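[1] Give me a 3D structure for the following:
(2 chains)
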Amino acid sequence: MILKLAWRNIWRNRRRTAVILTAIVIGLWAMVFLSALMRGIADRMVKNAISTMTGHIKIYHAGYRNDPVIENRIENPGEIKNILQSLPAVRQFTSRIRVNAVAANARHSGGVTLVGIHPGREAGISFTGDAVTEGEYLKDEESQGILVGRALLEKYETRIGHKLVLMSRDASGEIASRAFRIRGIYDAELESTERQFVFVNLAAAQEMLGVNGDVTEFSLLIDDYEEAAAVAASVGRRFDGDDLAVYSWKELLPLVVAVLKMYDGFILFWFAAVFIAIAFGLVNTILMAVFERIREFGLMRALGMKPSFVVAEVSAESFFLLFIGTVAGNLLGAASVAALSQRGIDLSAFAKGIEFAGMSRIIFPVLELGDILTADAAVLVLGMAVGLYPAIRAARFSPVEAMVHM
Amino acid sequence: MTIVECRNVKKIYRQGEVSVTALDGVDLSIVKGDFMALAGPSGSGKTTLLNMIGGLDSPDGGSILLNGQALEKMKPSQLADMRLHQVGFVFQSYNLIPVLSAVENVEFVMLLQGMPLQERRRKALAILDDVGLAGKYGRRPAELSGGQQQRVAVARAIVGAPAIVLADEPTANLDSASGKDLLKLMQEMNESKKVTFIFSTHDKMVMEYARRLTLIRDGRIVEDRRK
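    Reported below is the predicted structural model:
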């Protein structure tokens, strides 16, 4: 009967109930949708960073991160390959040579990162596999081909089939140079990536740099990138004493990790801001409903209803409003996310600005159960807590005072 | 058998420096089966005395015993419990919970008493039949006339088998025909179910129906006679 009473009471003033429900629904929707948007931005940022030559875990020579020169290379990659193949946690891996270089043609020259790759293996690990939009991807046996980003191509005013000369310091400290022919153009999420990385066949890079089969890094993929730190630690134990260093993507991308933490903070801040707005509306609505019914509460108290029942009845009204608003807000939020899940939100028009913030050009909102539960809990639990105020006010009316209104 | 015993009951209302003596040493005994009108002009202390007897307010002096228990010594929760089980109320107006139907209003007290759903539904329907509201069980207060609403209130007041029913000017908002019907109903309940009724009133018709007439003026009982 208490629930029946509460349910009917909230519909006594339909307009007021509709207003507060609308506020709760919009609040919940804003919580769910905006958190999904921010998670989507963060998710794409992490995936971009991971697929932009990072991987989930990386193995370097111990000195390479501080001084990324060819001298700090891994000299016996065959043994490492064998060990990595035996590790069940490692889903996929590849080796690379990565050095700073200068790229030049007849019109321009500038700094790039030369990456020597196994074209076949690399395709499944980094973005390169499905990023070629013009020309063709590198072939395993090819030694002259080079893959460049569209932004670099435009900057160098060149095109497919033309030559690009790369220069870098080789293993003996001399300047090595070699001409490559542009085979393909790739488009990346970030223009800076397109300007930075040029890809050649690993064997061609090794030959150019005189390192004869050596590499500078291994890049690994595992099943769940959130587990990277633990897997990196276990992989690291396999190479104790080998002058190697193993890093998870979180160690390699501290800025991304910091941004993720910042996003977590933003989401909580947003939840708090929305909740405060909802709480004021809720308390106001329930208080209005309570003060309109002082005589009724007096009657109920006179009939023998205990204050705890009054609190329960008024709290049940808050609960119904919050519950309906929460369910509808969740559904609306989920529907909004679903509507954008195929095409995303295209921010290409602001590409330069958003790249500065490390964001993708297209944002796909990502619903996370934890965020939904946090939003729901904030609204339901804290909402019930603030709803106690009008409930206690109602319970404190003395029957006689309330009956004066009769 | 004495149900209510008032001994030198005093009540003074204070507002700032102004004090108003509402009850000035009231002594009164109410026995089981009384059908009593507590009459007097406005401001004489009728409602105050009913509130004291019903445990809605506490006296500033003296003592009120309900079935032998001193109300002034009870805590608020005990008073609520006492009201729930021993006192039925019929108020002048705004007597029912507007979002509940007639049968649910009657059930309400039994719900608070913890009675199982089926039993309280059966009793509520039966008592509504007794007060002449058969077939109107599902109607909400707004769909009933004033007289019918007061009948529901009477049904609710007596359904929990209280020791006493306190009715504060129950006919004040009714036309004379409806008021008469209500008084007949309460008289019938008093006679058939031995329910004890006390009305506060200044309606002569109510005084005529009452078997005991107690007059109160300036907070004192000035006359108390049985017909």
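
[2] Chain A contacts on chain B?
    Taking C-beta under 8 Å from any C-beta of the partner chain as the criterion, chain B approaches chain A at residues B:51, B:54, B:56-57, B:76-77, B:80-85, B:87, B:89, B:91-95, B:97-100, B:104, B:107-109, B:111-113, B:156. C-beta here means a position set from N, CA and C on the backbone, and glycine is covered the same way.

[3] Let's see that with 7 Å instead.
    Proximity of chain B to chain A is assessed by C-beta under 7 Å from any C-beta of the partner chain, with B:51, B:56-57, B:77, B:80-81, B:83-84, B:89, B:91-94, B:97, B:99-100, B:108-109, B:111-112 identified as the residues in range.

[4] Make a ChimeraX selection of whichever of those residues turn out to be buried.
    This is how ChimeraX selects the buried members of those, with burial counted by 16 or more other C-beta atoms under 10 Å in any protein chain shown:
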select /B:51,56,57,80,81,83,84,89,91,92,93,94,97,99,100,108,109,111,112
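
[5] Residue of chain B nearest chain A, please.
    Here chain B gets closest to chain A at one residue, residue B:84, 2.6 Å apart by C-beta to the nearest C-beta.

[6] Tell me which helix or strand that residue sits in.
    helix B:76-86 (DSSP states H and E).

[7] can you check residue A:280 too?
    Since the elements are taken from DSSP H and E, residue A:280 ends up inside helix A:254-292.

[8] same check, this time on residue A:401
    helix A:399-403.

[9] ok, how many other residues are close to whichever residue of the stretch 301-406 of chain A sits closest to chain B?
    At 2.6 Å from chain B, residue A:304 is the closest residue in the stretch 301-406 of chain A, using C-beta to the nearest C-beta. For residue A:304, the tally of surrounding residues (other C-beta atoms under 10 Å in any protein chain shown) stands at 26.

[10] what residues are up against it?
    Contact partners of residue A:304, counting by C-beta atoms under 7 Å, 6 or more residues apart in numbering or on different chains, are B:80-81, B:83-84, B:109, B:112.

[11] before we move on, what about residue B:205?
    Contacts for residue B:205 (C-beta under 7 Å, 6+ apart) come out as B:176, B:179-180, B:183.

[12] Can you tell me the SS state at residue 12?
    I'll assume chain A. Each residue gets one of three states, and residue A:12 gets coil by DSSP: H, G, I helix; E, B strand; the rest coil.

[13] The chain in question should be chain B.
    Residue B:12 is classified as strand under three-state DSSP.

[14] Where in the chain is the helix or strand with the lowest mean pLDDT?
    You didn't pick a chain, so chain A it is. Taking mean pLDDT, DSSP states H and E as the measure, helix A:351-356 is the helix or strand of chain A with the lowest mean score, a mean of 60.

[15] that's the wrong chain, I meant chain B
    For chain B, the helix or strand with the lowest mean confidence is helix B:176-193, at a mean of 84 (criterion: mean pLDDT, DSSP H and E).

[16] contacts for that one?
    Residues outside helix B:176-193 that contact it (C-beta under 7 Å, 6+ apart) are B:33, B:35, B:131, B:146-147, B:150-151, B:154, B:158, B:170-171, B:174, B:195, B:197, B:205-206, B:209.

[17] about what we covered before: I'd like to know which of the contacts of residue B:205 are buried.
    The neighbour-count test (16+ other C-beta under 10 Å) applied to the contacts of residue B:205 identifies B:179-180, B:183 as buried.

[18] for stretch B:105-119, how far is the first residue from the last?
    Separation of the first and last residues of stretch B:105-119 by C-alpha to C-alpha, to the nearest Å is 15 Å.

[19] what's the spacing between it and its chain's center?
    19 Å (C-alpha atoms, centre = their mean, to the nearest Å).

[20] ok, now how distant is the closest residue in space to residue B:81 that isn't next to it in sequence from residue A:87?
    Spatial nearest neighbour of residue B:81, chain neighbours left out: residue A:304 (6.8 Å); criterion: C-beta to C-beta, 6 or more residues apart in numbering or on different chains. Counting by C-beta to C-beta, to the nearest Å, the gap from residue A:304 to residue A:87 is 72 Å.
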